[in-house]
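Peer 1: The following comprises the amino acid sequence and a computationally predicted model.
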Amino acid sequence: MSLLAAHRVARRFGARIALHPTDLVLEPEEVVALVGPNGAGKSTLLSILAGALEPTEGVVERPPRVGWVPQRSAHYGRLTALENLRLFASLEGVPSSRADALAEEFELPGNARARELSVGNRQRLDVALALLGSPQVLLLDEPTASLDPVQRERVWRIARDLAAAGGAVLVATHHWEELEGRADRTLALVEGRLA
Amino acid sequence: MRAVLLLLGKDVRSLMRTPVLLAVLVAYPLVIAALLGLVAGYANSKPRVAFVDEDGLPAHIVVGTHRFDVNATIDEVARNVRLVRLGADEAQRQLADGKVVAVVTVPPGFVATLQAMTKSPTLELSVTRGGTSGRVRQQVQALVYALNQKLQRAYIDANLQYVQLILHGGNGRFLGQSFDVLGLDGTERQLSALPQDERVKRIEAFVRTARRALKETGAALHATASPIQLQELPRRGRIASLSAQVESYALGLTITFLALVLAAGALAAERDENVLARLARGPVHPSGIVGAKVALAAIVATVLGFAVALAFAVAILAGHAPGGEPWQRLPLLAAGLALAGASLGALGALVGALAREGRTASLVAVLLVLPIVFLGLIPPEIFAAAGWASDALPFAHGVRLFSATLYDLHPWGAVARESAWLAGLGAVFAVAARAAVRPFDP
């Protein structure tokens, strides 16, 4: 039984078609790579799958807990990393101990405000935020773009661990070379259509 | 509700971590309020009026028995204008340039006509065209009125001298000619020396009646000259700078700026930080996001508005200025500030939702503040459309609510009416803001 299924989801922005009707299924214990050039519609598809964007047509069946790392940082710059984690933990009804544990696991600086962190640290914070609710499905939109090799490897390990625990991971990237041996399946998206 | 409170706490914390923004948000409306006060003060300042003397006014003029120092008299009666002595050509040039708002000309022969006391001499007035002409005309009319008051006393005294001459007899002068008058006293004496018969008795009765009547002439002349007199009573109440109107407008302006800019900026910041989409996925419904911004605006408006009201109350107390109930009504004012802040915050949230980014939202909010305030300042009877537009915005309702709250003896009718307006407008703006919130931008 699939963990997440999109049926004929499509999205228009005015006259522009960002995503043509698309079917996509994520099975348990799999890591799926979504590749495509810039502007192919990867972020639009992931936003729809995450529930951040309503599709113009089609439906998405998703489990209750879906983690999402958007392409652009999505946290409060005037709060510290830990304050961000605790705030979103409270909003999602997750114990604050989970926030503290993730801050420690991702080695996030405690006192500095998020806007003062390096791009890599901010990206790690976004991944930590996505993991707050112990998601069954993790959607990662260019998660490693600003990370050093060690942190990049950490993100892939997290993806593999989540899949090994019965979850599913969809990783969007335009770095084909990074995928070697890491994804169970690879999907290509070109001009809003799955190839 | 819990999510709204969590977001609100985050917004307050973020605001406290931006002391420069906080200082500007507090200082800016106060500076604007002070500038508005200066503008209002300028509106009441003395207009510059040219004074052209084509008659060659002497240093002193004698009217009847009164001797007038011309310069001192003009200075005394021209308290509400700044008179500038100019030649006729220069005065007309400055009037055309707008450097003076009016020209008062003393034409040739003015003094001679004045001293003859047989007809009224004329002053000539030219007024600039435009919005201030009515006010200038009124002030020059007041100047002439004050001058007439001084002259009428001289005229009455001169006329009374003639009455005294008729009563008691003696030497007099009129129109440059001297004459002797027997007077009623002398007439009575002459009559008493005549053989008393019916005709003499009738003339004596007329003389007595005429004397009694003429004795009342002074009072009658004064009453005729000034049928109604205006007596200025000792002043009570608050000075102009602490008036109820000034306080209400200062509160309105302060919270309009704060609530509008804060709510617009805070909502747009959620999008700038790309958090709207994360929130809208589940933790907080877009209505809750708008609600948090409305609550932020209401809280900040209440706190800072309350501080302004406290400052006014202390100043009123320190100045021993009676009027209003600055202390007892503060709790009611706090509720009014919260409601007006929420209503304005909803409008700010709408601006923040419509703007694509934080900078645009803040700029639009700042640009909106002054038109909203000025629309509220225009009396509807002057421009009806401004009144309708103002009714559709929270500022004027807030000002009326604050004024009623602080100073009306029976405020509840106005409080209920303006509160209903603010709540209704706030609801409309909040619903529009909710509809305009787009969590995700491609």
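Peer 2: Yes, it's here.
Peer 1: How much space separates the closest residue to A:Thr80 other than its chain neighbours from B:Ser14?
Peer 2: Nearest residue to A:Thr80 in three dimensions, chain neighbours excluded: A:Arg113, at 5.7 Å (CB to CB, 6 or more residues apart in numbering or on different chains). C-beta here means a position set from N, CA and C on the backbone, and glycine is covered the same way. According to CB to CB, to the nearest Å, A:Arg113 stands 10 Å off from B:Ser14.
Peer 1: which neighbours do these two share?
Peer 2: A:Arg78, A:Leu79 (CB atoms under 8 Å, 6 or more residues apart in numbering or on different chains).
Peer 1: What distance do you get for the residue positioned nearest the centre of chain A to chain B?
Peer 2: Taking CA atoms, centre = their mean, the centroid of chain A lies closest to A:Leu140, which sits 2.4 Å from it. As for A:Leu140, its distance to chain B is 14 Å (criterion: CB to the nearest CB, to the nearest Å).
Peer 1: gap between that residue and B:Lys150?
Peer 2: Taking CB to CB, one finds A:Leu140 at 92 Å from B:Lys150.
Peer 1: And for B:Gly172?
Peer 2: For B:Gly172 relative to B:Lys150 (CB to CB), the value is 24 Å.
Peer 1: what's the answer for B:Leu296, then?
Peer 2: When distance is defined by CB to CB, B:Leu296 is 63 Å away from B:Lys150.
Peer 1: Look at the two and report which has more neighbours.
Peer 2: Ranked by neighbour count (other CB atoms under 10 Å in any protein chain shown), B:Leu296 and B:Lys150 place B:Leu296 first, with 28 against 14.
Peer 1: any idea which element the nearest residue to that one once chain neighbours are set aside lies in?
Peer 2: Nearest residue to B:Leu296 in three dimensions, chain neighbours excluded: B:Asp11, at 4.7 Å (CB to CB, 6+ apart). B:Asp11 belongs to helix B:2-16 when elements are defined using DSSP states H and E.
Peer 1: show me what contacts A:Arg152?
Peer 2: With the criterion set at CB under 8 Å, 6+ apart, A:Arg152 makes contact with A:Thr144, A:Glu178.
Peer 1: again, only using 7 Å
Peer 2: Applying CB atoms under 7 Å, 6 or more residues apart in numbering or on different chains, we find A:Arg152 in contact with A:Thr144.
Peer 1: Can you show me the strands along chain A?
Peer 2: For chain A, the strands defined by DSSP state E occupy A:4-13, A:16-26, A:30-35, A:57-61, A:66-69, A:137-141, A:168-173, A:185-190, A:193-194.
Peer 1: between those strands, which gets nearest to B:Asp185?
Peer 2: Proximity to B:Asp185 (CB to CB) singles out strand A:4-13 among the strands of chain A, at 110.0 Å.
Peer 1: and the closest one, which strands flank it?
Peer 2: Strand A:4-13 pairs in its sheet with strand A:16-26 (antiparallel), strand A:57-61 (antiparallel), by DSSP bridges.
Peer 1: Could you save those as JSON lines and add columns showing mean neighbour count?
Peer 2: Below are those laid out as JSON lines (neighbours: other CB atoms under 10 Å in any protein chain shown):
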{"stretch": "strand A:16-26", "mean neighbour count": "18"}
{"stretch": "strand A:57-61", "mean neighbour count": "13"}
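Peer 1: so B:Leu57 is in which element?
Peer 2: Applying DSSP H and E, one finds B:Leu57 in no helix or strand.
Peer 1: That one - how many residues pack around it?
Peer 2: Look at B:Leu57: counted by other CB under 10 Å, it has 15 neighbours.
Peer 1: Go ahead and confirm B:Lys150 touches B:Thr73.
Peer 2: Yes. Counting by CB atoms under 7 Å, B:Lys150 sits close enough to B:Thr73 to count as a contact (6.4 Å).
Peer 1: quick one: average confidence on the biggest helix by length in chain A?
Peer 2: Longest helix in chain A, counting residues (DSSP state H): helix A:149-164. Taken as a whole, helix A:149-164 has a mean pLDDT of 86.
Peer 1: picking that back up, quick one: distance of the helix holding B:Asp11 to the chain centre.
Peer 2: The chain centre lies 42 Å from the centre of helix B:2-16; the measure is CA atoms, centre = their mean, to the nearest Å.
Peer 1: How about stretch B:179-190?
Peer 2: 59 Å.
Peer 1: In that stretch, which residues are buried?
Peer 2: For stretch B:179-190, the neighbour count (16 or more other CB atoms under 10 Å in any protein chain shown) marks B:Val181, B:Gly183, B:Leu184, B:Thr187 as buried.
Peer 1: any idea how far the third one lies from chain A?
Peer 2: Summarising the geometry, the distance separating B:Leu184 from chain A, computed by CB to the nearest CB, is 98 Å.
Peer 1: For B:Gln149, grab the count of nearby residues.
Peer 2: By other CB under 10 Å, the residues close to B:Gln149 number 13.
Peer 1: same thing with B:Arg281?
Peer 2: The local packing of B:Arg281 (other CB under 10 Å) involves 18 other residues.
Peer 1: The closest residue to it other than its chain neighbours: what's it in contact with?
Peer 2: In space, and not counting its chain neighbours, B:Arg281 is closest to A:Gly51: 4.7 Å by CB to CB, 6+ apart. Taking CB under 7 Å, 6+ apart, we find A:Gly51 in contact with A:Arg62, A:Val66, B:Arg281, B:Gly282.
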